[in-house]
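J.: A structural model of the following input is requested.
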Amino acid sequence: MAKLISIFISFLFVFSVFAQKAVVISDCTVLYSITGSDAGTNSNLSGASKQYYIKGKMARTDIAGQGYKQTVIVDNSNGTAVILKEIGAEKYKSTLNAEEWKQENKRFENMTLSPGKESKTILGYTCQKATATLKDGGTYTIYYAPAVIPSANENAFQFKDVPGLILEYETVSSNGISKITYTAYQVDFNPVPALKFQIPTAGYRIWKQQ
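T.: Alright, predicted model coming up:
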C-alpha cells in the first residue's frame, strides 16, 4: 500500500510539472554524473559522483571519487554549514558559522546571474539556461527547471537567485582551464530520511577552514 501511495504522489507531481505550474518541493534526492572537458580531467574524475539531498531547509551534498569523499550539510534557516571529508582512512570535520560559510564562498560575492534564451530537456524537465559571472570575470553555465522550486539551496552563494532546481551546471577545475560538468541522471521526490542530516559527533578529527 505504501508503495502504491508513493507512486500516486509521484504521478501527481509529474503531472503538475508538465502542466507548467511551479511547485515547491521540500524532499528531494538528485543524482549527478561528473564529467570533464578533456581526457586528463575525465581520468581524474573516473568513478566520481554527486548526490544532493533536500529536506525542508536542510541541504546535503555528497561528492565522492577515488579515495575521497566530501559531504557538505547546510542549514538554510541560519546559514551555517558542516563540512565532512574522508581521505583514505582519515576523517575530518569542520563546523562553520554563517559568517565563516560566507567567507568560504567569498569568490561568489557580487556574482551576477544572466538568463539565456537557450533551453534543453533533462530527465523530461524543460531547463532554462543561465550564465553566472564572477567578479574576476570567470563564468559558468547553469541549466535549471523553473517548474520545480527546491525548499533549500545547495549553496546560497554559488547558486544565488537561480529560480528552480538545477539539473546541470559547470565549474572550472583547479588548473583554471578545464571545465567540469555535473548532469542529473535521476531525481527522486520520496521523503529523505532525517538521518541524512545528523552531524557525526565522533570518529572525525576537527579541522578549521583557512
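
J.: Low-confidence stretches in the chain?
T.: 1-20, 173-176, 209-210 (pLDDT under 70).

J.: Can you show me the helices along it?
T.: 2-18, 39-44, 98-104 (DSSP state H).

J.: contacts for the shortest one?
T.: Helix 39-44 is contacted by residues T35, G36, S173, S178, K179, I180 when judged by Cβ atoms under 8 Å, 6 or more residues apart in numbering. Any C-beta I mention is one placed from the backbone N, CA and C, and that applies to glycine too.

J.: Might one say that the first one is in contact with L45?
T.: Yes: with contact defined as Cβ atoms under 8 Å, T35 and L45 form a contacting pair (6.8 Å).

J.: shared neighbours of the two, which are they?
T.: Shared contacts of T35 and L45 (Cβ under 8 Å, 6+ apart): I180.

J.: Looking at those two, which one has more neighbours?
T.: Neighbour count, other Cβ atoms under 10 Å: between T35 and L45, L45 has more, with 19 against 15.

J.: Contacts only, for the more buried one.
T.: By Cβ under 8 Å, 6+ apart, the residues touching L45 are I34, T35, G36, G65, I180.

J.: So which of those belong to strands?
T.: Counting by DSSP state E, the contacts of L45 place I34, T35, G36, G65, I180 in strands.

J.: excluding its backbone neighbours, what's nearest the second one?
T.: What it means is T35. In this structure, T35 finds its nearest non-sequential neighbour in T181, 5.2 Å apart by Cβ to Cβ, 6 or more residues apart in numbering.

J.: now the first one
T.: Nearest residue to I34, sequence neighbours excluded (Cβ to Cβ, 6+ apart): A48, at 4.4 Å.
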